[in-house]
Structure formats: C-alpha cells, structure tokens
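Engineer: Just the structure for this:
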Amino acid sequence: MQLFDFNVEVKPVLEVLVGKTIEQALMEVMEEEELFNLREQQRQFQELRNAELVEQQRLEEQDRRRRVEKVDAGGIFMGGRQ
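Structural biologist: Predicted structure coming up:
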C-alpha cells in the first residue's frame, strides 16, 4: 500500500490552479473589452463634441456677419438721409 498517491493528492490542487488561471484570464479579457468599449465611447463623444464646436463656430460667424450687415445697411441708409 502506498502512503501517498500522487495522482489522487495532486488532482484537487491542479483543479484549483487551473480554475483560478482560467478565471484570471477571463477577467483580463473582460477588462480589455471594457477598455476597448470605453475608448470607443470616448472617441464617439469627442467626434460629436468636435462636430458641435464646428457648428457653434459656424453659427457664431453667421451671427457676426448678420450684425455687420445690419450695421453696414444702417450706415448706408443713414448716409442716404443726410
């Protein structure tokens, strides 16, 4: 009779080690996917923000031109009345 059966004694230890290794690997994959998703959301947010800034600048420039045109039109009109 053997006092120590290697295969029987080691099996539970190996099961725990393999299980923990697989669990850790899955966690790392999930973290990588989460980071990828966060970066993609950040890229989309930045793209939207840039488009909004461009639109804001366009509207501000349009408003500035209208004000300049009103001032110019008022000057011409007033000049004609003098």
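Engineer: residues near E60, how many?
Structural biologist: By the measure other Cβ atoms under 10 Å, the count of residues near E60 is 10. Using the backbone N, CA and C atoms, a C-beta is placed for each residue, glycine as well.
Engineer: That one: which element?
Structural biologist: Element membership for E60 (DSSP states H and E) is helix 6-81.
Engineer: gap between that helix and the chain center?
Structural biologist: Using Cα atoms, centre = their mean, to the nearest Å, the distance from the centre of helix 6-81 to the centre of the chain it belongs to is 3 Å.
Engineer: All further residue positions should be reported with the first residue as 376.
Structural biologist: Done: numbering now begins at 376, and the last item shifts to helix 381-456.
Engineer: and it, average pLDDT?
Structural biologist: If you average the pLDDT over helix 381-456, you get 91.
Engineer: I'd like the distance between the spatially most central residue of the chain and L423.
Structural biologist: The central residue of the chain, meaning the one whose C-alpha is nearest the mean C-alpha position (Cα atoms, centre = their mean), is Q417 at 1.2 Å. Using Cβ to Cβ, to the nearest Å, one gets 11 Å for the distance from Q417 to L423.
Engineer: tell me the contacts of V443?
Structural biologist: Residues in contact with V443 (Cβ atoms under 8 Å, 6 or more residues apart in numbering): none are found.
Engineer: Distance check, it against Q437.
Structural biologist: Distance of V443 to Q437, computed by Cβ to Cβ: 11 Å.
Engineer: F381 - how many residues pack around it?
Structural biologist: F381 has 8 neighbours, counted by other Cβ under 10 Å.
Engineer: Could you look up the SS state of L378?
Structural biologist: coil (DSSP: H, G, I helix; E, B strand; the rest coil).
Engineer: Thanks a lot, catch you later.
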